[in-house]
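A.B. asks: model this:
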Amino acid sequence: MLFHVLLNTFRGIRCYKEIGSLRIFTGKRLEDRKREGSLRFYRPKFSYIFCDMDGTLLNSKSQVSSTTAKALKEAVSMGVKVVIATGKTRPAVISALKMVDLAGKDGIVSEFSPGVFLQGLLVYGRQGREISRRNLDLSVCREVDAFCFEIVLLISSYNLVCG
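C.D. replies: Numbers count the residues shown, from 1 in each chain. Take a look at the predicted model:
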């Protein structure tokens, strides 16, 4: 694992770890980091990470890289809860994260995990219970439907957001 040193004039030299698109600040001084040798027993000062999918967890091929998956697994092993906030549907997120063993009961997303989906139209809280559902105004849905019909475009989330 690659560790970087960050100079902070008020608190001395600190370490951070960069894995994939995530940067985890260890909060440790450089000399403490050298003495410890590992972050396994370090408990972060934060308890949640909120992540988008496109361009954050997913690369240009719409896949989660192995380094990003490793960083997420390490954060979870340190007691950090990872919550997805995305424009995607929950099943699409589960499908993408299942490929790197991050979906399901012990993963970061499942049918029983919190998350923000469909640009905030569906929000799930603890144990995956729905806490907010917003539908688009019916006139907006009709206008989008007419436009898509004109340009021959299929709308995949029509039933969900226009309920």
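
A.B. asks: roughly how far apart are Lys105 and Ile94?
C.D. replies: Applying Cβ to Cβ, to the nearest Å, the value for Lys105 to Ile94 is 12 Å. For the C-beta atoms, the positions are set from N, CA and C on the backbone; glycine is no exception.

A.B. asks: correction: Glu130
C.D. replies: 16 Å.

A.B. asks: now swap in Ile49 and tell me
C.D. replies: Ile49 sits at a distance of 18 Å from Ile94 (criterion: Cβ to Cβ).

A.B. asks: coming back round to it: Glu130 and Ile94 - which one has more neighbours?
C.D. replies: Ile94 (20 against 9; other Cβ atoms under 10 Å).

A.B. asks: could you say what helices and strands the helix or strand hosting the more buried one packs with?
C.D. replies: Take DSSP states H and E as the rule and Ile94 turns out to sit in helix 90-98. The helices and strands touching helix 90-98, judged by 3 or more Cβ pairs under 8 Å, 6 or more residues apart in numbering; DSSP states H and E, are strand 115-117.

A.B. asks: quick one, strands of the protein?
C.D. replies: Listed in chain order, the strands of the chain (DSSP state E) span 3-8, 12-19, 22-29, 48-51, 81-85, 115-117, 122-124, 130-133.

A.B. asks: so where's this structure uncertain?
C.D. replies: Within the chain, the segments meeting pLDDT under 70 span 1-44, 153-163.

A.B. asks: Specify the residue ranges that define each domain of this structure.
C.D. replies: Following automatic domain parsing, the chain resolves into domains at 1-42, 44-134.

A.B. asks: How many neighbouring residues does Ile151 have?
C.D. replies: Neighbour count for Ile151, taken as other Cβ under 10 Å: 6.

A.B. asks: Same check on Gly128?
C.D. replies: With other Cβ under 10 Å as criterion, Gly128 counts 14.

A.B. asks: again, but for the one 3 residues further on
C.D. replies: When counting by other Cβ under 10 Å, one arrives at 10 neighbours for Ile131.
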